[in-house]
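Here you go, sequence then predicted model.
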Amino acid sequence: MPTHAQLAMIHIAKKSLAMNDDHYRAALERFGVQSSKDLTDRQADELIDLFVGWGWQPVHRPARQARRAGKVPPGDKSRYLNKIIKLLDVLGRLGDGEALLAYADGIAHEMFFRDQPNVVLPVEHCTIPQLLKIIQALEIHVRRLRGRETSASRKCRPCF
C-alpha cells in the first residue's frame, strides 16, 4: 500500500499534467490496478517516475522516500557531522580536527561495531540513521552534563 505522501504526489502530478480521468485510469492499468490505493510502494514510485518522464517536475521528493530509495546525496551528511562536532564542542572534547574526528569514530565503533574489534568505521561513512543515533546519544550526554551543573549551583542553604 502506498504511503500518504506517495498518494499525494500521484494526485498532484495528475492535476499538474492536466490528465483527464481516462488517461489517469489508463496509466493505472499499466500496473494492473483500478485505484492508486491498490498500488504497492514500489509501483507507486514507478508511477511517479512515469509522470516525471511525461514532464511533471515535482517540487521535492519527501526525504523519507528518498532515503528508502537510496537517493540521499552525500552532501546531506555534512549537516549531521557538523551537529556532532558542535555537540562534542559543548562536551569539551574539541581538539584539533583529527582528534575530534577520531573521538567521533570511536563513538561510532562503540555504538555499531562493539562486537567486531577489527572493524574501523570512520564517522563519515556512517549512514544517516546511524548519525542520528550518535547525535541522540551525544544530546543525552549534554543534557546530563547540564543537569549536573545546575544541581551543583543549587546547593542547599540554611533556612534562618
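Yep, it's here. Everything numeric here is computed off the predicted structure, so don't read it as measured data.

Summarise which helices and strands the helix or strand containing R79 is packed against.
In the assignment (DSSP states H and E), R79 maps to helix 77-90. On a contact count with 3 or more Cβ pairs under 8 Å, 6 or more residues apart in numbering; DSSP states H and E, helix 77-90 meets helix 97-112, helix 128-153. The way it works is simple: take the backbone N, C-alpha and C, and place the C-beta from them, glycine included.

how much space between N118 and M9?
According to Cβ to Cβ, to the nearest Å, N118 stands 44 Å off from M9.

With neighbour numbers in mind, choose between those two.
Higher neighbour count among N118 and M9: M9, with 25 against 5, using other Cβ atoms under 10 Å.

just to revisit the earlier point, out of the helices and strands packed on helix 77-90, indicate the one that is most buried.
Stretch with highest mean neighbour count among those: helix 97-112 (a mean of 15; mean count of other Cβ atoms under 10 Å).

that older thread, neighbouring contacts of the helix holding R79?
Residues outside helix 77-90 that contact it (Cβ atoms under 8 Å, 6 or more residues apart in numbering) are 94, 100, 103-104, 123-124, 126, 128, 131-132, 134-135, 138-139, 141-142, 145.

Can you report the mean pLDDT over the residues of it?
The pLDDT scores in helix 77-90 average 84.

what do you get for stretch 51-65?
For stretch 51-65, mean pLDDT is 71.

Could you do stretch 1-11 as well?
Average pLDDT, stretch 1-11: 87.

now it, how far from the chain's geometric center?
Mean C-alpha position of stretch 1-11 versus that of the full chain (Cα atoms, centre = their mean, to the nearest Å) differs by 19 Å.

Adding distance to K37, write the helices and strands packed on helix 77-90 out as TSV.
Listed next are these as TSV, based on distance: least, Cβ to Cβ, whole Å:
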stretch	distance to K37
helix 97-112	38
helix 128-153	29
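
For S35, find the nearest of those helices.
Closest to S35 of the helices and strands packed on helix 77-90 is helix 128-153 (Cβ to Cβ; 32.6 Å).

Format the helices and strands packed on helix 77-90 as TSV; extra columns: mean pLDDT and distance to V52.
Shown next, in TSV, are these (pLDDT from 0 to 100; distance: least, Cβ to Cβ, whole Å):
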stretch	mean pLDDT	distance to V52
helix 97-112	78	35
helix 128-153	80	24
